[in-house]
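>>> Fold the following for me, if possible:
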Amino acid sequence: MTVKHISVDYNKVNERGTFSPGDILSGRVTVVTSKETKVQCFLVKAKGKAKVTWHQQEGQATGMHSDKKIYFHFEHIILQDKNKGDGSEIIRPGRNVYPFTFVIPNIDMPSSYQGKWGKITYSLRAQLTQSIWLVHKTKTEFPFLTKFPFASKSEMIIIGLKEQQYATRISFYGSAKVTINVSSEKMGVKQGDAIGVSVEVLNDSARTVTPKFYLCEKQTFVAQSKRIVHTNDTLFGTGDSVLAETSQTITKVLSIPPQLHTTFFNCCMMKLEYKLKITLDIPLARDSEIKLPLVILLGSPKPHQQKPKRSIWFRKLPA
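Numbering: from 1, shown residues only. Next up, the predicted model:
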């Protein structure tokens with residue numbers, strides 16, 4: 001084993017350490033050898049791809065559904081044995097560094113993502129082949145951030161991002177009823193920011209009801225004309241209880257986790273959506289619920305010493 005070490009690294013282009021369409025991806029492949037080493041081929045690759053895979057029970061058998069899409073695939077040959085014998089296929093003893101540069105295509109591609117049954121990855125791979133039996137490989141992934149997170153559905157979504165949302169639900173429990181009116185201050189919110197939600201509860205029943213606030217995540221995966229969905233609900237918080245035959249308006253400020261992945265639709269095999277869910281916890285009865293669409297946008301890094309100032313305004317709920 002004359003090759004003692006091989007690694008591939010890239011240069012950051014911004015504070016986030018992310019890359020976007022049209023960026024220049026440059027770096028280096030480092031190889032450490034104990035003596036002069038002859039290679040058949042030595043190359044570095046850059047690739048962006050999406051892949052989904054899941055297993056599903058189909059009758060008595062278990063079927064596998066899988067698909068992938070390549071967004072780009074580039075190769076740069078560093079050294080290659082062309083039987084010239086001129087030393088161009090020789091790696092000298094010690095530490096050797098080989099630079100490379102790729103230009104990421106300036107096209108719409110989804111951001112890096114890891115889901116339940118699929119992932120979107122952007123990677124660099126270096127491969128040094130000494131012989132058919134002796135191949136050295138190394139790989140590193142780099143974070144990719146799309147410039148247009150909503151792609152073909154951008155116009156439909158962005159129109160309503162700053163608009164307030166309203167929803168009403170009436171539930172009957174015997175001869176009594178409970179009405180819940182919900183409004184949120186906007187549809188879109190950035191990672192790490194907060195959103196205000198107002199809940200008006202008209203409790204005409206003989207039971208105490210308690211509103212609960214959830215963040216609902218929905219991952220959808222598609223392969224071979226098949227579709228599978230993974231959902232996950234996270235409890236944001238619980239509001240004040242509303243006693244029997246009373247009414248009350250509860251306002252909650254819900255903080256969006258900064259590490260939450262942004263909403264996206266611009267991948268043909270997977271998408272990520274969110275909703276706000278407000279339920280009424282009613283003893284000995286089925287909980288009623290309301291869901292409002294929520295779009296998670298890319299947040300902006302903020303200095304640690306600064307705290308964002310915000311105010312929440314609610315218009316009167318429609319009758």
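>>> Tell me which stretches of the stretch 151-300 of the chain form strands.
For the stretch 151-300 of the chain, applying DSSP state E, counting those that start in this stretch gives strands covering 165-173, 176-184, 188-190, 194-203, 210-223, 226-238, 246-255, 270-281, 288-297.
>>> pLDDT weak spots in this structure?
84-87, 148-160, 284-285, 287, 301-319 (pLDDT under 70).
>>> Can you spell out the domain ranges of it, please?
Listed domain ranges for the chain are 3-141, 151-297 (source: automatic domain parsing).
>>> how about TSV for those domains, with mean neighbour count added?
C-beta here means a position set from N, CA and C on the backbone, and glycine is covered the same way. Below are the domains of the chain laid out as TSV (neighbours: other C-beta atoms under 10 Å):
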stretch	mean neighbour count
domain 3-141	15
domain 151-297	17
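>>> Which one of the strands of the stretch 151-300 of the chain lies nearest to F144?
Nearest to F144 among the strands of the stretch 151-300 of the chain is strand 270-281 (14.8 Å), distances taken as C-beta to C-beta.
>>> could I have that closest one exported to PDB, CA atoms only?
Written as PDB, here are the backbone C-alpha positions of strand 270-281 (Å, rounded to 0.1, in the frame of the first residue of the first chain):
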ATOM      1  CA  MET A 270     -40.100  14.600  -3.100                       C
ATOM      2  CA  LYS A 271     -41.500  17.600  -1.500                       C
ATOM      3  CA  LEU A 272     -41.700  19.100   2.000                       C
ATOM      4  CA  GLU A 273     -44.700  20.900   3.400                       C
ATOM      5  CA  TYR A 274     -45.800  22.300   6.800                       C
ATOM      6  CA  LYS A 275     -49.100  23.300   8.500                       C
ATOM      7  CA  LEU A 276     -50.100  24.800  11.800                       C
ATOM      8  CA  LYS A 277     -52.600  22.600  13.600                       C
ATOM      9  CA  ILE A 278     -54.800  23.800  16.400                       C
ATOM     10  CA  THR A 279     -56.800  21.300  18.300                       C
ATOM     11  CA  LEU A 280     -59.300  21.500  21.200                       C
ATOM     12  CA  ASP A 281     -58.500  18.900  23.900                       C
END
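>>> That strand packs against which elements?
Applying 3 or more C-beta pairs under 8 Å, 6 or more residues apart in numbering; DSSP states H and E, one finds that strand 270-281 makes contact with strand 176-184, strand 194-203, strand 210-223, strand 288-297.
>>> In this protein, which residue is most central in space?
By C-alpha atoms, centre = their mean, the chain has its centre lying nearest to H261, at 3.7 Å.
>>> Now S66: closest residue in space that isn't a chain neighbour?
Spatially, and ignoring its direct neighbours in sequence, S66 is nearest to T53 (4.2 Å; C-beta to C-beta, 6 or more residues apart in numbering).
>>> residues contacting that neighbour?
When contacts are counted by C-beta atoms under 8 Å, 6 or more residues apart in numbering, T53 touches 64-66, 117-118, 223.
>>> returning to what we had before: output the strands of the stretch 151-300 of the chain as a markdown table; include the columns distance to K35.
Formatted as a markdown table, these follow (distance: least, C-beta to C-beta, whole Å):
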| stretch | distance to K35 |
| --- | --- |
| strand 165-173 | 69 |
| strand 176-184 | 67 |
| strand 188-190 | 55 |
| strand 194-203 | 61 |
| strand 210-223 | 48 |
| strand 226-238 | 52 |
| strand 246-255 | 58 |
| strand 270-281 | 48 |
| strand 288-297 | 54 |
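>>> Which one of those lies nearest to P105?
strand 270-281 (20.0 Å).
>>> Determine the angle, from 0 to 180 degrees, between that closest one and strand 226-238.
With axes from the mean of the first three to the mean of the last three C-alpha atoms, to 10 degrees defining the directions, strand 270-281 sits at 40 degrees from strand 226-238.
>>> Do a quick rundown of the strands in the stretch 1-150 of the chain.
Using DSSP E, counting those that start in this stretch, the strands of the stretch 1-150 of the chain run over 3-10, 24-33, 37-38, 41-58, 61-80, 90-91, 94-103, 113-114, 118-131, 134-141.
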